[in-house]
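# sequence below, structure please.
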Amino acid sequence: MTKIYAGAVGVEIRLDTDQNLAEATSMKILVKRPNGTETEWTASQYDSTTIYYVTADGDLDASGDYVLQAYVEFGESSKHLGESVVLKVYAKYE
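You can find the predicted model right below:
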């Protein structure tokens, strides 16, 4: 995998949900930033079980470990979290 640096824009992040997404009503990537703050990115379907998001300006603004977790809803009564993964973002020249 290629190193990702702080400030990178246009990075495609894919997470496998292990769920068939055909009936999904909401897809997100939950994000815990290196400073401990949390946010979420609205994801799209990549294939039958994978979601993706393309980073925008400010998404990867700091170096460190970003903890990512897929979140998928199938209506109000069915909400699922995927396994957490760590995305290491490097400082310039690192």
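# drop to CA atoms for contacts and neighbour counts, all remaining ones
OK.
# can I get the longest strand anywhere in the chain in CSV, CA atoms only?
Ranked by residue count and defined by DSSP state E, the top strand of the chain is strand 64-73. Taking Å, rounded to 0.1, in the frame of the first residue of the first chain, the C-alpha atoms of strand 64-73 are listed here in CSV:
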residue,chain,number,x,y,z
GLY,A,64,-1.3,9.8,13.0
ASP,A,65,-3.6,6.9,13.2
TYR,A,66,-7.2,7.2,12.0
VAL,A,67,-9.5,4.5,13.2
LEU,A,68,-12.1,3.7,10.5
GLN,A,69,-15.3,1.6,10.9
ALA,A,70,-17.9,0.8,8.3
TYR,A,71,-21.5,1.5,9.4
VAL,A,72,-24.5,0.3,7.3
GLU,A,73,-28.2,0.6,7.9
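# which residues touch that strand?
For strand 64-73, the surrounding residues in contact (Cα atoms under 8 Å, 6 or more residues apart in numbering) are 15-17, 24-34, 51, 79-91.
# among those, which ones are in strands?
Mapping the contacts of strand 64-73 onto strands (DSSP E) picks out 15-16, 26-32, 51, 79-81, 85-90.
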